[in-house]
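Q: With the sequence up front, the predicted model follows.
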Amino acid sequence: MLLERETELARVSAALRAARDGTSASILLSGPLGIGRSALLRRLPALCEGEDVRVLRAHAAPMEEDFAFGVVRQLFDSAAAGAPDGDGTYWAREAACLSGMFTADGSVDDPGTGTGEGDTDGAARGDGGPAASEAILHGPRSLTAGLGENARLLILVDDLQWVDTPSLRWLAHLVKRLHGLRAVLVCALRDGEPRTRHPLVREIALAATRVLRPEPLSLDATRTLVRARHGRPAHEEYARACHEASGGNPLFLMSVLRGTVARGLTPTADHSGQVRALRPAELRERLASHLRTQAPAVRKLAAAIAAFGDHADPALVAQLAGLDETGFGAARRALHETGLLTGARGPRFTHRVVRDAVESSMTPAERERTHAAAADLLYRSGRPAEQVAAHLLAATGPGRPWTVPMLRSAADTALRRGAPETAARYLRRALLAHRTQDAGRARLLIDLATVERGFDPGACERHIVQAAPLLTTPRDRAAAALRIPPTLLGAVPPATDALLRAAAAELGAPAALDEPTRELALLLEARLRHHGHENPGELASAAERLRELGDEPPLGSAAERELVGTLLCAGTLTGRLTADWAARTANRVLEREPATSAGAYTGVPLVVITLFAAESIRGVTSWLSSEQQTRRQNTTGADGVLLFAERAMAVAIQGRPAQAREYAERALGLDGAQWREPAILVLSAVALELRDPAFSERILDRAHDRRPAGLALTAALQILQASVDAQRGHRAKALESVLACGRRLEASGWRNSALFPWRPQAIGLHHRLGDSASALRLAEEEHTWAAAWGAPTGLGRALRLKGWLHGSEGVPLLREAVGVLRGSTHSLELARTLVLLGRRLGSGPEAESALREAGALAAASGAPWLVEQAEHGLGTPPPPPRTAVLTRSERRVVSLVGRGLTNQEIAGELGVSSRAVEKHLTNSYRKLGISGRHELADALPA
């Protein structure tokens, strides 16, 4: 399909009409690579179908440049092939006679001697003896004149830049002697080719009576071609993407379209980004083939631009290409004319596939040398480390003395901008340059492991294991081993355990060490004690160690805090502590622990989990908020998953499921490969609170491939799966699974169900399946453990379950549960208990009051299903919850807004910050379901 070439076709048609009256013409068809010169040339014979026009055509090629008179032969062979019946034999004989003048080596048989011997080179150049020159120039011209006696001639020569020299000389001779031939000569010439500067090519081009330069296709033409290729109209954004990706160049456009069809893309808006990113292989190979024919200076410039990218300094590009100002300008013009460079001020390729083509046209050794030279040039120019490092990554040689320091500096820069994967690439390249097995290599391995721990713990462990033998002191080996992040509540790799135990054995007992080394020994003790978190004997030993530290364990150093945090978690799992003491000690740890992202790679998350189990939320919420503020705004990686999971759990424990789900969704939005055991454990607990099977299944899908799985991960997922099964109606299966989980937890000494609530689930399932005795037995057991632990939500839930099982006789237990839960932060658990109490009471003021309070709490918590249960118990809708959900502080702020005060004035009157006022107002608007101040008057009661 030839589009938007009407002007060119009309000009050639006009020239053919003029030829009827004896006016011959020479037309030059020029333009960059892929603009469609050949396609236009192929269309020209159709202009004169059925008319007295004889077409002679030839197509030159780079491989035939040394085939003397090859184009002349093609022209007259085509004349014989296309001659009318009766004339074909004659013109074939004439063409053969002409061809007989040329020998196989391109020389000319001298008519005077009848031999092919003599100055054959000169004959091939057309500068032999007079007889040879006469034969070369006039013989084919006479044959041409004979062909035109009874018909006009349309002579088509494609790729003039590749025509062999003898044929060029003949064409140059012909173009000056077209008069009287009734001929139109059309030659296609590609811009930017080295041979366009050949004197004979220039002579033919300058002799043209008209020059035609096809323009790039318009957006309308692109739409038409996209529709033809896809078989249906394209979305405007898709068509525009195709047009921008190709720049209107037909070759580029058709390559892009073939690529989209091959990938199964449909012409819709959502695929426009993929269109812009396409790098068609066939186009790359076509461009690479073109580049190989270019002059060395042009190829060097293209390689330099490819190495530096689209935004390179022209002076640096010229230096890398080894070109002076004149050579740089000439090579740049050649690339621009051929359509590979834009007209922008800086050298920039027209399409990203051009860079691929340049690189594929180079040998591996050439690419290596180019990038090594680019790195050297940038280093000497004082450019930023990452610019230099980008080229060092592409050069695998040992490099210069500055290679390793520069790569280290680049890695530091990448880390500061939040790109650990990039930093790891720089450090791996530094390892390739530092081939000596010494302490310097060990430091590189340790730095690499430190970078990798956030996204590839396995690689982190391997590199520390490789570094340890290269270190010379026990202290260095211990510090290196501690760079491996602890597998919090997860399965411990054997190599990590062995490395840590060896380091601890080398250091010896902490009491006999100097302060810095003692810190390392305490950290090793913390990690090794946590390695035994699934061993009842090790857990008992941890509880004893915690008692040895006293009622207020020392927390002055990071090592002491990590050790205490680890011991607290062990005591929490076994239920050997009380929630009150555990919370008080854990909060002391957080008060002294800096809130940084590095905490994700220490034992600090164990402290947070202990606080969740103890339901001590205020301190952990403040600490998590501070931690988030110290990170980048867009948190990613394992630390980001854990942070969002922890924040989700913090609000879930306070009975705010909507906000908990928001944080959990943010965690789900991050890379699943970055999920670690603590994050999965916390998110599973959040999913249990939300009671949404679909959401729970998303957690399960993300986590089920993690191997090897420790007890914490296995139990958390097993309990969550049982919850989903129960909600789907598979209660027997759910009960079997949760009881098996409980047996495994008990066998490992994990008896506190605050973290793994298998008993509450089993109690409900036993009862619904008709086994009240087993339900009551487990309920008593749960009550005993909850009372010993002492966290109000867990104790209140245990009392609610017992009250539920005892029917009407359980009302006192439900009242006790309400009393306990009023001391907790979990408003939703209180609402559940109040609903159950109100229903058991049936009627009366106490029942009505319980149900109304439950409805208000449920509405404030964002739990509409619980609101419905409260309404059903009342029999009439409860009071509008929007007036009951505001806190005292929020109501004070809203009342001042009603008086017409600004935020700043309210802040002054209440003695708080303007930000605090804005926060109270935002919460009030959300709870009242309004958008701003102007709706407050209608939302509040009179």
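A: Cool, the structure landed.

Q: pLDDT score assigned to the closest residue in space to L392 that isn't next to it in sequence?
A: Ranked by CB to CB, 6 or more residues apart in numbering and with sequence neighbours excluded, the top spatial neighbour of L392 is A375, at 5.0 Å. Every residue, glycine included, has its C-beta placed from N, CA and C. On pLDDT, A375 comes in at 93.

Q: Report the contact partners of A375.
A: V388, A389, H391, L392, A395, G399 (CB atoms under 8 Å, 6 or more residues apart in numbering).

Q: Go again with 6 Å.
A: V388, H391, L392 (CB atoms under 6 Å, 6 or more residues apart in numbering).

Q: Helices - which of those residues land there?
A: Among the contacts of A375, the members falling in helices (DSSP state H) are V388, H391, L392.

Q: ok, how many other residues are close to the first one?
A: Taking other CB atoms under 10 Å as the neighbour definition, V388 ends up with a count of 24.

Q: so it makes contact with L378?
A: Yes. V388 is in contact with L378 according to CB atoms under 6 Å; the separation is 4.7 Å.

Q: Tell me the spacing between the residue nearest to L392 and R355.
A: 18 Å (CB to CB, to the nearest Å).

Q: repeat for R332
A: Taking CB to CB, one finds R332 at 16 Å from R355.

Q: got it, and A521?
A: Taking CB to CB, one finds A521 at 54 Å from R355.

Q: Compare the two (neighbour count), which wins?
A: Ranked by neighbour count (other CB under 10 Å), A521 and R355 place A521 first, with 23 against 20.

Q: Got the confidence number for that one?
A: 95.

Q: Excluding chain neighbours, what is closest to it?
A: With CB to CB, 6+ apart, the residue lying closest to A521 is P510, at 4.0 Å.

Q: How about A228?
A: M1 (6.0 Å).

Q: Kindly report the same for I680.
A: Nearest non-adjacent residue to I680 (CB to CB, 6+ apart): A703, at 4.8 Å.

Q: just A442 next, same as before
A: Per CB to CB, 6+ apart, closest to A442 is L470, 3.7 Å.

Q: Could you do P812 as well?
A: G803 (7.7 Å).

Q: Distance of the residue nearest to A442 relative to A504?
A: On the measure of CB to CB, L470 and A504 end up 20 Å apart.

Q: And for P493, the neighbour number?
A: The burial count for P493: 17, using other CB under 10 Å.

Q: Excluding sequence neighbours, find me the nearest residue to it.
A: According to CB to CB, 6+ apart, the nearest residue to P493 is E461 (5.9 Å).

Q: Report the contact partners of A734.
A: So A734 contacts A722, D725, A726, L765 (CB under 6 Å, 6+ apart).

Q: so how many other residues sit close to the third one?
A: Think A726. Count around A726 with other CB under 10 Å applied: 21.

Q: Need the distance between the two termini of stretch 530-540.
A: 12 Å (CA to CA, to the nearest Å).

Q: And the contacts of that stretch?
A: Residues contacting stretch 530-540 (CB under 6 Å, 6+ apart): P486, V492, D497, T566, A570, T574, L711, S748, G749.

Q: show me the contacts for the nearest residue to the fifth one once chain neighbours are set aside.
A: In this structure, A570 finds its nearest non-sequential neighbour in A542, 3.7 Å apart by CB to CB, 6+ apart. Taking CB under 6 Å, 6+ apart, we find A542 in contact with R529, L567, A570.

Q: So A542: helix, strand or coil?
A: helix (DSSP: H, G, I helix; E, B strand; the rest coil).

Q: and the protein, what are its domains?
A: 6-212, 217-278, 279-362, 798-883, 888-939 (automatic domain parsing).

Q: among those, which is nearest R547?
A: For the domains of the chain, the distance to R547 is smallest for domain 798-883, at 26.6 Å, taking CB to CB.

Q: Let me know the average pLDDT across the closest one.
A: On average, domain 798-883 scores 84.

Q: for stretch 281-301, same thing?
A: 91.

Q: Now the terminal residues of it, how far apart.
A: With CA to CA, one end of stretch 281-301 sits 22 Å from the other.

Q: Show me how far it is from its chain's centre.
A: 30 Å (CA atoms, centre = their mean, to the nearest Å).

Q: List the buried residues of it.
A: Using 16 or more other CB atoms under 10 Å as the burial criterion, the residues of stretch 281-301 that qualify are 283-284, 286-288, 290-291, 293-295, 297-301.

Q: lowest-pLDDT helix or strand in the protein?
A: Ranked by mean pLDDT, DSSP states H and E, the weakest helix or strand in the chain is helix 120-125, scoring a mean of 42.

Q: Who are the packing partners of the helix or strand harbouring L801?
A: Here L801 sits within helix 792-805, counting by DSSP states H and E. Counting contacts by 3 or more CB pairs under 6 Å, 6 or more residues apart in numbering; DSSP states H and E, helix 792-805 is packed against helix 772-789, helix 811-821.

Q: picking that back up, residues near the residue nearest to A521, how many?
A: P510: 18 neighbours (other CB under 10 Å).

Q: same question, V53
A: With other CB under 10 Å as criterion, V53 counts 21.

Q: Provide a list of residues in contact with the nearest residue to it once chain neighbours are set aside.
A: Of all residues not flanking V53 in the chain, R152 sits nearest, at 4.8 Å (CB to CB, 6+ apart). By CB under 6 Å, 6+ apart, the contact set of R152 is A19, V53, R182.

Q: what do you get for I719?
A: Going by CB under 6 Å, 6+ apart, the list of residues near I719 reads C741, W758.

Q: pLDDT value on it, please?
A: 93.

Q: now E905
A: 73.

Q: Kindly report the same for V893.
A: 78.

Q: so it touches H920, yeah?
A: Yes. The pair V893 and H920 passes the contact test of CB under 6 Å, sitting 4.3 Å apart.
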